[in-house]
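>>> one predicted model, sequence on top.
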Amino acid sequence: MALGEPSSAPRRVTILGATGSIGRSTLDLIAAAPERYQVEALTAQHNVEALARAARQHGARLAVLADPAGYGALVEALAGSGIEAAAGPAALVEAAARPADWVMAAVVGAAGLRPTLAAVERGAMVALANKECLVCAGAVMLERVRASGAVLLPVDSEHNAIFQALRDEPVSAVERLILTASGGPFRQASIATMAAATPAAAIAHPNWSMGAKISVDSATMMNKGLELIEAHHLFGVPEPALEVVVHPESIVHSLVAFKDGSMLAQLGQPDMRIPIAHALGWPDRISAATPRLDLVEVGRLTFEPPDPIRFPALQLARAALAAGGMAATVLNAANEVAVAAFLAEQLGFLAIAAVVEATLAAYQPGPVEALDAIVAVDGEARRQAAEIIAARRL
Ligand code: NAD
Ligand code: MG
């Protein structure tokens, strides 16, 4: 054990979305200090082989596949290991409900909502990478956090930076939260280049290596829009006090501007293992073999305003947040459908924001309701977005 490391009992951890980019980075950190963690459950959507391999390697007690069709293959892949296998959406929720101290919520999309809520409801420490579930149902999720005493640990690099910079300062001390954005692969691209962009070009992020959906969101800057809404829920700051600044180097991960004129930032290499390590050790700091930042090597940090013309998604997200009700649920659902259509080469890159805008236009803002109503609005927005996409292709 390194000097200054906490010496408590192993932390029991569950990873929802263990085979994805965030899930694998989390497992990397755990593998570097196996004596400090005991893996309870790992989940994945379809990839039996990757899930079974991770479950065996990390000594998980339970492996869950969201897709029920893969159950037989999972049982076979885990034969002789003593690891329990389960499949289907209910099993995913049960995995999250298992008694782990710490749960990484790293499913992509609103599909992660029910399992994340299951972890929240039993008062766990929930490391939240899955921003879509907060965007979809932020009010319900926060209400359940308050009721259960769960702790939400922001993993999204911007929110993790703000969480670190805020420490225990009250929200009344904050004037603005400034989220930095890399600008994505099309920061300097012309509208014509963006109109013709292929999935491969949109996914080729200059600084971060991430799953396909969030990479496309970064390219449209809808990712920053979702993050504005995420920041609003996590830190209780209203939309006008949330600012976005493009910072192509991705070294300053976000800032808090306090009302006395001080600004605090968190800096680091653009590597998600840094915010994940912060959440994994919380409330302690753990040593982690993450890449170190050499400021002299970086030399220069630059900042510029986002371009609202080429990146309308940012304004759509602001409008949804300001509209309130379940507009953010609609925004998120339409975006998930549009991004999937773009990745399937059924929709142009610039049409992603257009589909979100058209879906939002059909939504009449009403009050935020209970979970079932949110899920119904999410489903309806998905159907409408799919119809809008189909009509565009006629
Ligand atoms: P990914 O696509 O690499 O991995 C997603 C994981 O979720 C996989 O394990 C997959 O099997 C599982 N999954 C996908 N759909 C599912 C479904 N319908 N039901 C159950 N499981 C499902 O995605 P990622 O890049 O790791 O991102 C995960 C989440 O973290 C996203 O919400 C993303 O916005 C957020 N996030 C990611 C990064 C990053 O650097 N990758 C940074 C910040 C936030
Ligand atoms: Mg982020």
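Done, it's in. Ligands and ions are numbered 1, 2, ... in the order given.
>>> contact residues of the stretch 101-250 of the chain facing ligand 1?
Those residues of the stretch 101-250 of the chain that sit near ligand 1, judged by C-beta under 6 Å from any ligand atom, are 106-108, 111, 129-132, 156, 208, 210-211, 214. Any C-beta I mention is one placed from the backbone N, CA and C, and that applies to glycine too.
>>> buried among these? Make that a PyMOL selection.
Per 16 or more other C-beta atoms under 10 Å, the buried members of these correspond to this PyMOL selection:
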select buried, resi 106+107+108+111+129+130+131+132+156+208+210+211+214
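>>> give me the subset of the residues of the stretch 101-250 of the chain next to ligand 1 lying in strands.
If you go by DSSP state E, those have nothing in strands.
>>> most widely separated two among the residues of the stretch 101-250 of the chain next to ligand 1?
The distance between the two most remote of those (C-beta to C-beta) is 21.8 Å, for Ala111 and Trp208.
>>> picking that back up, just the residues of the stretch 101-250 of the chain next to ligand 1 now: which is nearest ligand 2?
Taking C-beta to the ion as the measure, ligand 2 lies nearest Asp156 of these, at 4.1 Å.
>>> name the nearest residue to that closest one, ignoring sequence neighbours.
Residue nearest to Asp156 in three dimensions, not counting chain neighbours: Lys131, with 5.6 Å by C-beta to C-beta, 6 or more residues apart in numbering.
>>> and the one you found, how far from Lys259?
Lys131 sits 27 Å away from Lys259, going by C-beta to C-beta, to the nearest Å.
>>> can you list the buried residues in the helix ranked longest in the chain?
Selection of the longest helix in the chain by residue count, based on DSSP state H, yields helix 371-393. By neighbour count on 16+ other C-beta under 10 Å, the buried set for helix 371-393 is 374-375, 377-378, 380-382, 384-386, 388-389.
>>> can you spell out which helices and strands pack onto it?
Contact partners of helix 371-393 among helices and strands, from 3 or more C-beta pairs under 8 Å, 6 or more residues apart in numbering; DSSP states H and E: helix 131-148, helix 327-343, helix 351-361.
>>> among those, which comes closest to Arg61?
The nearest among these, by C-beta to C-beta, is helix 131-148 at 22.8 Å.
>>> does ligand 2 sit close to the closest one?
No. For helix 131-148, no contact with ligand 2 is found by C-beta under 5 Å from the ion; the gap never falls below 7.5 Å.
>>> between that helix and helix 371-393, how many degrees?
Angle, helix 131-148 to helix 371-393, by axes from the mean of the first three to the mean of the last three C-alpha atoms, to 10 degrees: 170 degrees.
>>> what angle do helix 327-343 and helix 131-148 make with each other?
150 degrees.
>>> run through who's touching helix 131-148.
Contacts made with helix 131-148 from outside it, assessed by C-beta atoms under 8 Å, 6 or more residues apart in numbering, are listed as 105, 108-110, 112-113, 116-117, 120-123, 128, 150-152, 156, 226-227, 229-230, 232-234, 328-329, 331-333, 336, 368, 370-371, 374, 378.
>>> averaged pLDDT, it. What do you get?
Averaging pLDDT along helix 131-148 gives 98.
>>> let's see it as CSV, backbone CA atoms only.
Taking Å, rounded to 0.1, in the frame of the first residue of the first chain, the C-alpha atoms of helix 131-148 are listed here in CSV:
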residue,chain,number,x,y,z
LYS,A,131,-25.7,12.1,-18.1
GLU,A,132,-28.8,11.2,-20.2
CYS,A,133,-30.6,9.8,-17.2
LEU,A,134,-30.3,13.1,-15.4
VAL,A,135,-31.3,15.0,-18.4
CYS,A,136,-34.3,12.7,-18.9
ALA,A,137,-35.5,12.6,-15.3
GLY,A,138,-33.4,15.0,-13.2
ALA,A,139,-36.1,16.1,-10.8
VAL,A,140,-37.2,12.5,-10.0
MET,A,141,-33.6,11.4,-9.6
LEU,A,142,-32.7,14.2,-7.2
GLU,A,143,-35.8,13.7,-5.2
ARG,A,144,-34.8,10.1,-4.7
VAL,A,145,-31.2,11.1,-3.9
ARG,A,146,-32.6,13.3,-1.1
ALA,A,147,-34.9,10.6,0.2
SER,A,148,-32.4,7.8,0.3
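>>> which parts of it are buried?
Buried residues in helix 131-148, counted by 16+ other C-beta under 10 Å: 131-142, 144-145, 148.
>>> can you tell me how far the residue nearest to Asp156 is from Ala288?
Separation of Lys131 from Ala288 (C-beta to C-beta): 23 Å.
>>> equivalent analysis for Pro99, please.
For Pro99 relative to Ala288 (C-beta to C-beta), the value is 26 Å.
>>> same thing with Gln384?
44 Å.
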